[in-house]
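Engineer: Test case, fold it:
(chains A and B)
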Amino acid sequence: MTKLQARNIVKHFDHNGTPILALDGVNLDVEEGDFVCLVGPSGCGKSTFLNIIAGLEKPDSGEILLNGKLIDTPGPDRTMVFQEGALFPWLKVVDNVEFGLKIAGIPKEERRQISKRYLDMMQLEKFSESYTYQLSTGMKQRVAIARALAMDPEILLMDEPFAALDSQTRDLLFVELQLIWERTKKTIIFVTHNIAESVVLGSKVAIFKHRPSRIKKEIVIDYRRPRLAEDENLLKYQHAIIQELKNEVIEQKKSGD
Amino acid sequence: MGGKIIARRVVFYVGIIAAWQIVFSLHLAPQTVIPSPSDVGQALAKGVYDGSLLYGIGTSLLRLSAGLVIAIAAGIALGIFIARFETMNQIIGPFLLGLQSIPSVAWVPLAFLWFGRTDGGIIFVTVIGALFAVAINTHSAIRAVPPTLVAAGRNMGANGIQLIKDVIIPASFPQMIAGFKQGWSYAWRGVISAEVIFSVLGLGSLLNSGTKNNQIAEVISVLIIIMIIGVLVDGLVFKRLERTVLSRWGPVK
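Structural biologist: Below you'll find the model as predicted:
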């Protein structure tokens, strides 16, 4: 079943008063249970596209359908893991995880059960009473994932969540995220500029072209899981993506970005 | 705070009192102008003993609290309002800045005309002295909130009042404290100024009556009390607030 459809999404950026066409009719179908990675040259608007799906930004035209229904506002059915975690420093870890549940008016006891489940899943049980400044960057991202999953969203949106991590922590989270994905059967849309990351994680990789951007090609990664970052069998997929992106980088250079 | 610092402070105060005593004993200034430390000490003791000083402290603090509570509540509301509607800020921002620059004491004549020599008049001066400082600081504190925190709040379903209450206010709180601090010091000045001029009870009015009766020791004893209250409020209220924030947010990077 198609979970999410993006139809002809157009979006302009404002660059010192001049509008620049960023997204020029992006179309994407995401099936239930897909793990879709969006890759593309920096500045191509893939994060903007994710924000539009989240309802945090409005497209100039085009529409997003979730389960066939039009959406244009933010909602806890599409929770996001932000690049820098975006945890609330005034709340303990457990209260961060429960934030959305509290907003939704879920009673405290039920909230505790839910947060415990996801804190356990992310191996954070020992840190539930900590404040976020006491956590490493990797821990913070685990909390952010727990917080997003706690809302039991239809789709999990991830905006370069591992970009700030050291490579060991990242490799560990690659495996964990795949296990969580298999366990929760969530549909995931994951933005990254890291091609190796996209082939380790994605069941499908959608490649954005340079601005004005749309999706140039989708590559299915049909390979056993959990995949490891160092698995050489993934290289052929990486090469295919790099080949597609090569021209884009040249385009980008020409346009002087 | 280490014992070493406290010891140094004690030495400092003893030094001041000793210097003061020397000035007095050597007649370096007319004794009618500068009373001795023990005269001031006696005035303090008398004020405490006959209740006038305690009653004055109570009255002034009550007015201060009433004014400050109103000023902080209204100032936060105004600050949120201009932070949310940028056009509003463009229109009334400079006006608020102008109002903030008016010293509290300059409001006293207007308060007298509007409210007469009443508690209401004094509280008016207190509120208006602190309000704009709180509003302006709240505004800049909100503007400094990282947009991703607001995005995260909206993403999890918060909007409208909930977004303000559960995300924007707590996220800007550490910086808002600076506004409260400024607001409190303006409010305290406002209370004392209005009391001196209105001369209806309170520490300010004790300053006034002391001057009229040429009781310099009494005047200085009240000044010392005003100063001590300032130090106590900072230590008991603001240092504590800052410590709470620090324990959650961690050391500021």
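
Engineer: so who does whichever residue of the stretch 51-200 of chain B sits closest to chain A touch?
Structural biologist: When scored by Cβ to the nearest Cβ, the stretch 51-200 of chain B has residue B:156 as its residue closest to chain A, at 3.3 Å. C-beta: built from backbone N, CA, C; applies to glycine. If you count contacts by Cβ atoms under 8 Å, 6 or more residues apart in numbering or on different chains, residue B:156 has them with A:76, A:79, A:99-100, A:103, A:147, A:151.

Engineer: go on, residue A:39?
Structural biologist: Residue A:39 touches A:46, A:192-195, A:198, A:205-208, A:241, A:245, counting by Cβ under 8 Å, 6+ apart.

Engineer: Any figure for the gap between it and residue A:159?
Structural biologist: 13 Å (Cβ to Cβ, to the nearest Å).

Engineer: Just the ones of the contacts of residue B:156 in helices?
Structural biologist: Cross-referencing these against helices under DSSP state H gives A:99-100, A:103, A:147.

Engineer: The nearest residue to residue A:40 once chain neighbours are set aside: how many residues sit nearby?
Structural biologist: With Cβ to Cβ, 6 or more residues apart in numbering or on different chains as the criterion, residue A:40 has its nearest non-adjacent residue at 2.9 Å, and that residue is residue A:208. Residue A:208 has 24 neighbouring residues, counting by other Cβ atoms under 10 Å in any protein chain shown.

Engineer: Helices of chain B, start to end?
Structural biologist: Taking DSSP H, the helices of chain B run over residues B:3-25, B:37-49, B:52-84, B:86-100, B:108-115, B:119-143, B:147-155, B:160-163, B:169-198, B:202-212, B:216-233, B:239-249.

Engineer: any chance of these in CSV, plus distance to residue A:32 and mean neighbour count?
Structural biologist: Formatted as CSV, the helices of chain B follow (distance: least, Cβ to Cβ, whole Å; neighbours: other Cβ atoms under 10 Å in any protein chain shown):
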stretch, distance to residue A:32, mean neighbour count
helix B:3-25, 65, 11
helix B:37-49, 77, 16
helix B:52-84, 39, 19
helix B:86-100, 41, 13
helix B:108-115, 68, 16
helix B:119-143, 40, 25
helix B:147-155, 21, 21
helix B:160-163, 31, 11
helix B:169-198, 35, 23
helix B:202-212, 71, 21
helix B:216-233, 60, 17
helix B:239-249, 40, 14
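
Engineer: do you know which of these lies nearest residue A:166?
Structural biologist: Closest approach to residue A:166 among the helices of chain B (Cβ to Cβ): helix B:147-155, 21.4 Å.

Engineer: Which parts of chain A belong to which domain?
Structural biologist: Annotated domains of chain A cover A:2-77+A:153-254, A:89-152 [automatic domain parsing].

Engineer: now chain B
Structural biologist: Taken from automatic domain parsing, chain B resolves into B:1-34, B:35-249.

Engineer: With respect to residue A:129, which of the helices of chain B lies nearest?
Structural biologist: Taking those one by one with Cβ to Cβ, helix B:239-249 is closest: 11.8 Å.

Engineer: Give me the average confidence score over the closest one.
Structural biologist: Mean pLDDT, computed over helix B:239-249, is 88.

Engineer: Among the contacts of residue B:156, which ones lie close to chain B?
Structural biologist: Among the contacts of residue B:156, proximity to chain B is found for A:76, A:79, A:99-100, A:103, A:147, A:151 (Cβ under 8 Å from any Cβ of the partner chain).

Engineer: Present the residues you listed as a markdown table; the columns should include pLDDT and neighbour count.
Structural biologist: Output for those, formatted as a markdown table (pLDDT from 0 to 100; neighbours: other Cβ atoms under 10 Å in any protein chain shown):
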| residue | pLDDT | neighbour count |
| --- | --- | --- |
| A:76 | 91 | 19 |
| A:79 | 95 | 28 |
| A:99 | 96 | 24 |
| A:100 | 94 | 24 |
| A:103 | 94 | 19 |
| A:147 | 95 | 31 |
| A:151 | 93 | 25 |
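
Engineer: Look up how far residue A:176 lies from the one residue in the stretch 151-253 of chain B that gets nearest to chain A.
Structural biologist: Of all residues in the stretch 151-253 of chain B, residue B:250 sits closest to chain A, at 2.7 Å by Cβ to the nearest Cβ. To residue A:176, residue B:250 is 26 Å away according to Cβ to Cβ.

Engineer: Get me the contact residues on chain A for chain B.
Structural biologist: A:51, A:54-56, A:74-76, A:78-80, A:82-84, A:86-91, A:99-100, A:102-104, A:131-134, A:147, A:151.

Engineer: Swap in 7 Å and give it another go.
Structural biologist: Within chain A, the positions lying close to chain B (Cβ under 7 Å from any Cβ of the partner chain) are A:54, A:56, A:74-76, A:79-80, A:82, A:84, A:86, A:88-90, A:99-100, A:103-104, A:131, A:133-134, A:151.

Engineer: Can I have the buried ones of those residues as a PyMOL selection?
Structural biologist: Buried subset of the residues of chain A next to chain B, written as a PyMOL selection, criterion 16 or more other Cβ atoms under 10 Å in any protein chain shown:
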select buried, chain A and resi 54+56+74+75+76+79+80+82+84+86+88+89+90+99+100+103+131+133+151
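
Engineer: which ones among the residues of chain A next to chain B are found in strands?
Structural biologist: Among these, the members found in strands (DSSP state E) are A:79-80.

Engineer: tell me the contacts of residue B:115?
Structural biologist: By Cβ atoms under 7 Å, 6 or more residues apart in numbering or on different chains, residue B:115 lies in contact with B:121, B:124.

Engineer: Distance check, it against residue B:73.
Structural biologist: Counting by Cβ to Cβ, the gap from residue B:115 to residue B:73 is 20 Å.

Engineer: Over to residue A:119?
Structural biologist: For residue A:119, the distance to residue B:73 - Cβ to Cβ - is 37 Å.

Engineer: ok, now residue A:130?
Structural biologist: As judged by Cβ to Cβ, residue A:130 and residue B:73 stand 32 Å apart.

Engineer: Could I get the pLDDT score of the residue in the stretch 51-200 of chain A that chain B sits nearest to?
Structural biologist: Going by Cβ to the nearest Cβ, chain B is nearest to residue A:133 of the stretch 51-200 of chain A, at 2.7 Å. pLDDT for residue A:133: 92.
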